[in-house]
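Asker: Build me a model from this:
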Amino acid sequence: MEKGQTDRERVKGGKKSILFIINPISGKRRFKNLQEKIKAGIDSGKYNIDIIHTESSGHATLLAQEAAHAKTDIVVAFGGDGTINEVASGLIGSNSLLGIIPAGSGNGLARHLGIPFSLPGALKLINKAEYKQIDTATINGKSFISIAGMGFDALIAKKFASGNERGFAAYMLHIANSFLSYKPKRYTLKIGTTTLNTKALFISFANSNQFGYNTQIAPNAKLTDGKLDVCIVQKPKLFEIPLITNLLLLRMIDKSPHVNIFPANELWVERKKGKYVNIDGEAVRMKKRVHIKVVPLSLKVIIPQHVKKEI
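Answerer: Prediction:
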């Protein structure tokens, strides 16, 4: 019996275990013969592989929870930010490592973490299994890994999820069709002993730096600092939109006079009525009062060695 081996590893001949949780809707066109490519790309001398396809919303979280309970070494999310959120939510606080194969539209978290977008590149990274512990956060008890938000942000997330088209062009079309008619909402934020009343186009709670598509709403956000970047965005004039868009893409949105960003590890936000909240790209209906809190260093995620110090 080798020193340091777990019972699970001894039973499996010293190999570690990987479970791939695949959203079958993601990457249909980009990834043909996916299971065969996964098996060919993973080092079979080091790992035993299981592959499961999700069947409904929330299924990925249940599968991840079961895998964590079974002490599965690596659980890989194949899909977009929503799928990654579901899988990660089932792993928070466990010793299982989260692997990511980005196959969604925006892929905000994968971009922040420097995950390769090619399947061979992502599998090579998973084989190495180098990881870092990152923060997660909750909003009314529901976990998010990358970003949550309310207001115009959540409206666009809802419309995008309800539409048939994907990609940056479709995302921007929803924004263009809704921007003029959208009226900024009033919010009350409570952070410690400070109360802030504001009217905003949207408010984002950023653990990572972006929505996706390299649109960085919080250029200085870190996944390991124990804080969220709270981004309060005022509605700009129509003629200012090109400048705002450029600032987003150039990672300089914090330079805009329409944007105020401040750190917080916990806060409460109250709206006039309960509406949708954007949680890692998914629109979720919540009550008018929400509680947001960081859960420090609660998730182990596989990332490239060269970005470990940057996130």
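Asker: Quick one: classify residue 89 as helix, strand or coil.
Answerer: Taken by DSSP: H, G, I helix; E, B strand; the rest coil, the conformation at residue 89 corresponds to helix.
Asker: Use 3 as the first number for this chain going forward.
Answerer: Okay, using 3 as the starting number, the last item reads as residue 91.
Asker: That one against residue 65, yeah?
Answerer: No. Applying C-beta atoms under 8 Å, one finds residue 91 not in contact with residue 65, separated by 11.1 Å. The way it works is simple: take the backbone N, C-alpha and C, and place the C-beta from them, glycine included.
Asker: what about residue 73, distance to residue 97?
Answerer: Here residue 73 is placed at a distance of 7 Å from residue 97 (C-beta to C-beta, to the nearest Å).
Asker: Between the two, which has more neighbouring residues?
Answerer: Neighbours per residue, other C-beta atoms under 10 Å: of residue 73 and residue 97, the larger number sits with residue 73, 14 against 10.
Asker: Just the element for the more buried one, please.
Answerer: If you go by DSSP states H and E, residue 73 is not part of any helix or strand.
Asker: try residue 246
Answerer: In this structure, residue 246 is located in helix 243-251 according to DSSP H and E.
Asker: With only the CA atoms kept, save that helix in CSV.
Answerer: C-alpha atoms of helix 243-251 as CSV (Å, rounded to 0.1, in the frame of the first residue of the first chain):
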residue,chain,number,x,y,z
ILE,A,243,-22.5,54.9,-26.3
PRO,A,244,-19.5,54.4,-28.7
LEU,A,245,-17.1,55.8,-26.1
ILE,A,246,-18.6,53.6,-23.4
THR,A,247,-18.3,50.5,-25.6
ASN,A,248,-14.7,51.3,-26.4
LEU,A,249,-13.9,51.7,-22.7
LEU,A,250,-15.4,48.3,-22.0
LEU,A,251,-13.4,46.6,-24.7
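Asker: just how off-centre is that helix within its chain?
Answerer: Relative to its chain's centre, helix 243-251 lies at 22 Å (C-alpha atoms, centre = their mean, to the nearest Å).
Asker: Report the buried residues of it.
Answerer: 246, 249, 250 (16 or more other C-beta atoms under 10 Å).
Asker: cool, stretch 141-160 as well?
Answerer: Residues of stretch 141-160 classed as buried under the neighbour-count rule (16+ other C-beta under 10 Å) are 141, 144-160.
Asker: For it, C-alpha coordinates in PDB please.
Answerer: As requested, the backbone C-alpha atoms of stretch 141-160 are provided in PDB (Å, rounded to 0.1, in the frame of the first residue of the first chain):
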ATOM      1  CA  ILE A 141     -26.700  36.500  -3.600                       C
ATOM      2  CA  ASN A 142     -29.700  35.600  -1.400                       C
ATOM      3  CA  GLY A 143     -28.000  32.300  -0.900                       C
ATOM      4  CA  LYS A 144     -27.500  31.400  -4.500                       C
ATOM      5  CA  SER A 145     -23.800  31.100  -5.500                       C
ATOM      6  CA  PHE A 146     -22.100  33.000  -8.300                       C
ATOM      7  CA  ILE A 147     -18.500  32.600  -9.400                       C
ATOM      8  CA  SER A 148     -17.900  35.400 -11.900                       C
ATOM      9  CA  ILE A 149     -20.500  38.200 -11.800                       C
ATOM     10  CA  ALA A 150     -24.000  39.100 -10.700                       C
ATOM     11  CA  GLY A 151     -26.000  42.100 -11.500                       C
ATOM     12  CA  MET A 152     -29.400  43.900 -11.500                       C
ATOM     13  CA  GLY A 153     -31.200  46.400 -13.600                       C
ATOM     14  CA  PHE A 154     -30.500  46.700 -17.400                       C
ATOM     15  CA  ASP A 155     -27.800  44.000 -17.000                       C
ATOM     16  CA  ALA A 156     -30.400  41.400 -15.800                       C
ATOM     17  CA  LEU A 157     -32.900  42.500 -18.500                       C
ATOM     18  CA  ILE A 158     -30.400  41.800 -21.200                       C
ATOM     19  CA  ALA A 159     -29.400  38.400 -19.600                       C
ATOM     20  CA  LYS A 160     -33.100  37.400 -19.600                       C
END
